[in-house]
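>>> based on what follows, work out the 3D shape:
(2 chains)
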Number of protein chains: 2
Amino acid sequence: MATTGKQLFTTLTADGTLTLEVVETTFREPTGNQVLVKMEAAPINPSDLAILTSAADFENAEYSAGKVVAKMPEPFNTGQKARHGQRLPAGNEGAGTVVATGDSDMAKALMGQRVACVPGMAFSQYAIADAAMCLPLGDHTAEAGASSFVNPMTALGFVENAKIDGQKAILHTVGASNLGLMLDRICREDGMPLVNIVRKDEQVAQLKAQGAEWVVNSSDGDFMANLRHAIDATDAFYGFDPVGGGTMVDTCFKAMEQVAVSKMKEYSRYGSTQPKRMFIYGRLDMSPTTLTPSYGFGWTLSGWLLTPFLQMAGMETTMRMRKRVLDNLTTTFASHYKSKVDLDGMLMKDAILDYRRMKTGEKYLVTPWG
Amino acid sequence: MATTGKQLFTTLTADGTLTLEVVETTFREPTGNQVLVKMEAAPINPSDLAILTSAADFENAEYSAGKVVAKMPEPFNTGQKARHGQRLPAGNEGAGTVVATGDSDMAKALMGQRVACVPGMAFSQYAIADAAMCLPLGDHTAEAGASSFVNPMTALGFVENAKIDGQKAILHTVGASNLGLMLDRICREDGMPLVNIVRKDEQVAQLKAQGAEWVVNSSDGDFMANLRHAIDATDAFYGFDPVGGGTMVDTCFKAMEQVAVSKMKEYSRYGSTQPKRMFIYGRLDMSPTTLTPSYGFGWTLSGWLLTPFLQMAGMETTMRMRKRVLDNLTTTFASHYKSKVDLDGMLMKDAILDYRRMKTGEKYLVTPWG
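Numbers count the residues shown, from 1 in each chain, chains lettered A, B, ... in the order given. Here you go, the predicted model:
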């Protein structure tokens, strides 16, 4: 018996037309290690927006029931030419109930269970998912489990990566995001000092209220002095940044180097020997990252993505991380949502203009059955 | 008996006054593993210019015999505040004859020998050097041995670093520099494909004449296509850049990613999984490095310096590299000089304005005894 349901698709054509539409779809039977999940909740993460909205003009788009057509400006249209003409599903992660399985034992064992999953097509009433990536949620609600992969595993991944690299502390440039608050809780549990950078006094208060020790506000006049002090006190020469564009990475490298230079006995034209490491794990700002020649040659900047990190860390570490997430789903790894929308609601002008801004702490949850 | 001779010093004061002067100096006796070298030749490398000229205004400086006083503009003056008021020697490397030694066996064995050395005060008639870093030159002239450390060990270091990192090929953004020509010779000896980027047709011809296989001219209209073709043919996802400022690193990452994406079967919003690695090992351009969001998250950019690399590679590798340099000093590792100047000549307006431009293939050699 064929399963049908609504699914969201995103299509960009060579002329720069981006179409988002909710389409009645027939889902094939899962095979092998696959399961078919009746989706109940899926978060809209910044990583979803890359193919959902990107830089398209949604102010002046054509809105109709279950459909939006918007123009993608250059250079963003040409930059995505690899997807031109492809009708892509969207939604990295979510939670729902397994209603059919392939014939592997792992898949069959999930039949009837509520699971968190990472199908890459979570903005849908049904999704085909890999059983190996499903996390049985037990008595937890789908809403509680919907965001149990991307943010929790990324935040945990930072701490695991820091430990692998022998670091004693971490710096995070967006301390008050959902992920940032989670990272702060993980770091305190693990005794790993964390320097949080935020932009507003309310965010300082929010982090302090949950117990954060080091929070510096980039809007303060003495931001650089405060940042240096926090780095000096914690040895945080290892940081993560989801903004990408602009000067924040540069600012962090500068502060790290100034702390290191202040401890040097002799001047060196090459800067300090203190290794300084920053990772860009998102691109909330699409403008160029600028790096000035202000911190010698002892620095490294990398892109950071969860999947290659998990491959590097190995299956055992990944399983340990997932278990920790499940064991602490409604505490350490709890996510909060500003609004809930159904699939058609995702494509309403007010909603798109709101969630695409990716404002700190204002995440949307999609409930595909309303 | 005290040894006296002329030595160059560079002093920057808090008000932004940079003074370069040749001063009659008394040199202390070497102790332990030190040797006193009567310097005969020393190259002016870009790394020396960081403390010698930096960004000071030598067009409008005050010139007198053996002395120049120039103004250092902001932000470069504040950026170097760690050296304010310090009278610094200059000159990383050179060659000369050992005229006195400390009492270690290693030092005593060098007495009377012509050596290449890395004293950090090579712009001087005498220099105290570490015996462990001295390379006995045998019958080679001081001029042949003067540049036997910085460029040869850096170029060899790139190849060693690439091998340690399991790379099959290298990219170099300034193919026709002294170091670039050397790197090309090393890579061909080692069967390591090298993609050379140059800016002029003459430089293409120069590299081709010495046997280079892959040379692309960034001034050509089809530069990007040629660069992609060279990367595709060689698998050069690992490059070195001495320019630092501007967009060259970004361009290399873009070309690497475009090659990797062209081989992907499925579109990914995160870009290719091909790791892309660039190193900035100099700062010929002090403007900011700009990185655009055009190559996913599978990239890493680092500063690269010789000393930390040698420490990481270990003494055995370092010794093997030095022996290779000595064995091939006038062939693979030969350097060429545009002009020779003595210490006073280094401080003449025409000379400073010329060597500070660091033009490709126009290196100066200092002969402190004239």
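
>>> can you show me the strands along the stretch 1-150 of chain A?
A:3-12, A:17-27, A:34-43, A:57-64, A:67-71, A:87-89, A:94-101, A:114-117, A:126-130, A:135-136 (DSSP state E, counting those that start in this stretch).

>>> in JSON lines: these, plus mean pLDDT.
JSON lines is the format used below for these (pLDDT from 0 to 100):
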{"stretch": "strand A:3-12", "mean pLDDT": "97"}
{"stretch": "strand A:17-27", "mean pLDDT": "97"}
{"stretch": "strand A:34-43", "mean pLDDT": "98"}
{"stretch": "strand A:57-64", "mean pLDDT": "97"}
{"stretch": "strand A:67-71", "mean pLDDT": "98"}
{"stretch": "strand A:87-89", "mean pLDDT": "96"}
{"stretch": "strand A:94-101", "mean pLDDT": "98"}
{"stretch": "strand A:114-117", "mean pLDDT": "97"}
{"stretch": "strand A:126-130", "mean pLDDT": "97"}
{"stretch": "strand A:135-136", "mean pLDDT": "93"}
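
>>> compare the ones you listed and give me the one nearest chain B.
Proximity to chain B (C-beta to the nearest C-beta) singles out strand A:87-89 among these, at 7.2 Å. Backbone N, C-alpha and C define where each C-beta goes, glycine included.

>>> now do the buried residues in that closest one.
A:88-89 (16 or more other C-beta atoms under 10 Å in any protein chain shown).

>>> that strand - contacts with which helices or strands?
Judged by 3 or more C-beta pairs under 8 Å, 6 or more residues apart in numbering or on different chains; DSSP states H and E, strand A:87-89 is in contact with strand A:3-12.

>>> show the pLDDT at the residue sitting furthest away from the middle of chain A.
Relative to the centre of chain A, and counting by C-alpha atoms, centre = their mean, the farthest-placed residue is A:Glu266 at 42.1 Å. Per-residue confidence for A:Glu266 comes out at a pLDDT of 82.

>>> please apply the same query to A:Gln274.
pLDDT, read off for A:Gln274, is 95.

>>> and stretch A:125-134, how far out from the chain's middle?
19 Å (C-alpha atoms, centre = their mean, to the nearest Å).

>>> what do you get for stretch A:41-59?
How far stretch A:41-59 lies from its chain's middle: 12 Å, per C-alpha atoms, centre = their mean.

>>> quick one on the thing from earlier: distance of the residue farthest from the centre of chain A from B:Gly120?
11 Å (C-beta to C-beta, to the nearest Å).

>>> helices of the stretch 51-200 of chain A, start to end?
Counting by DSSP state H, counting those that start in this stretch, the stretch 51-200 of chain A has these helices, from start to end: A:76-79, A:105-108, A:142-145, A:150-164, A:178-190.

>>> adding distance to chain B, write those helices out as CSV.
Listed next are the helices of the stretch 51-200 of chain A as CSV, based on distance: least, C-beta to the nearest C-beta, whole Å:
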stretch, distance to chain B
helix A:76-79, 6
helix A:105-108, 23
helix A:142-145, 24
helix A:150-164, 12
helix A:178-190, 16
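
>>> I'd like these laid out as CSV, including mean pLDDT and mean neighbour count.
Compiled in CSV, the helices of the stretch 51-200 of chain A are given as follows (pLDDT from 0 to 100; neighbours: other C-beta atoms under 10 Å in any protein chain shown):
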stretch, mean pLDDT, mean neighbour count
helix A:76-79, 87, 16
helix A:105-108, 96, 16
helix A:142-145, 96, 22
helix A:150-164, 97, 22
helix A:178-190, 97, 22
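
>>> count the residues that sit near the residue nearest to A:Ser272 when sequence neighbours are not counted.
Among residues not flanking A:Ser272 along the chain, A:Ala260 sits closest, at 3.6 Å (C-beta to C-beta, 6 or more residues apart in numbering or on different chains). Number of residues near A:Ala260 (other C-beta atoms under 10 Å in any protein chain shown) recorded here: 21.

>>> next one: A:Asn60
8.

>>> ok, it - contacts?
Contacts here follow C-beta atoms under 8 Å, 6 or more residues apart in numbering or on different chains; on that basis A:Asn60 touches A:70-71.

>>> if I look at A:Ala144, how far off is A:His336?
11 Å.

>>> I misspoke; the intended subject was A:Leu52.
21 Å.

>>> what about the closest residue to A:Ala14 other than its chain neighbours, neighbour count?
Spatially, and ignoring its direct neighbours in sequence, A:Ala14 is nearest to A:His84 (4.7 Å; C-beta to C-beta, 6+ apart). A:His84 has 15 neighbours, counted by other C-beta under 10 Å.

>>> got a list of what A:His84 touches?
A:12-14.

>>> most proximal residue of the stretch 151-300 of chain A with respect to chain B?
Nearest to chain B, among the residues of the stretch 151-300 of chain A, is A:Phe297, at 3.1 Å (C-beta to the nearest C-beta).

>>> per-residue pLDDT of that residue, please?
According to the prediction, A:Phe297 has pLDDT 93.

>>> wait, it touches A:Arg269, no?
No. Assessed by C-beta atoms under 8 Å, A:Phe297 is found out of contact with A:Arg269, at 10.2 Å.

>>> more neighbours, these two?
Higher neighbour count among A:Phe297 and A:Arg269: A:Phe297, with 22 against 18, using other C-beta under 10 Å.

>>> so what's A:Thr317 closest to, chain neighbours aside?
Using C-beta to C-beta, 6+ apart, the closest residue to A:Thr317 is A:Glu160 (6.3 Å).

>>> show the model's pLDDT score for A:Tyr364.
Predicted confidence (pLDDT) for A:Tyr364: 96.

>>> for it, what are its contacts?
By C-beta under 8 Å, 6+ apart, the contact set of A:Tyr364 is A:43-44, A:337-341, A:346, A:351, A:354-355.

>>> mind running it again at 6 Å?
Listed by C-beta atoms under 6 Å, 6 or more residues apart in numbering or on different chains, the contact set of A:Tyr364 reads A:44, A:339, A:355.

>>> which of these sits closest to B:Leu310?
A:Ile44 (49.3 Å; C-beta to C-beta).

>>> for A:Ala131, see how far away the closest residue to chain B within the stretch 51-200 of chain A is.
When distances are taken as C-beta to the nearest C-beta, the stretch 51-200 of chain A reaches nearest to chain B at A:Arg83, 4.5 Å away. Distance, A:Arg83 to A:Ala131, by C-beta to C-beta: 28 Å.

>>> more neighbours, those two?
Neighbours were counted for A:Arg83 and for A:Ala131 using other C-beta under 10 Å; A:Ala131 has more, 22 against 18.

>>> which ones are touching the closest residue in space to that one that isn't next to it in sequence?
Closest residue to A:Ala131 apart from its sequence neighbours, by C-beta to C-beta, 6+ apart: A:Ala107 at 4.2 Å. If a contact means C-beta under 6 Å, 6+ apart, then A:Ala107 has A:33, A:35, A:101, A:131 as its contacts.

>>> surely the second one meets A:Ala132?
Right, A:Val35. No. Look at A:Val35 against A:Ala132 with C-beta atoms under 6 Å: they stay out of range, at 10.1 Å.
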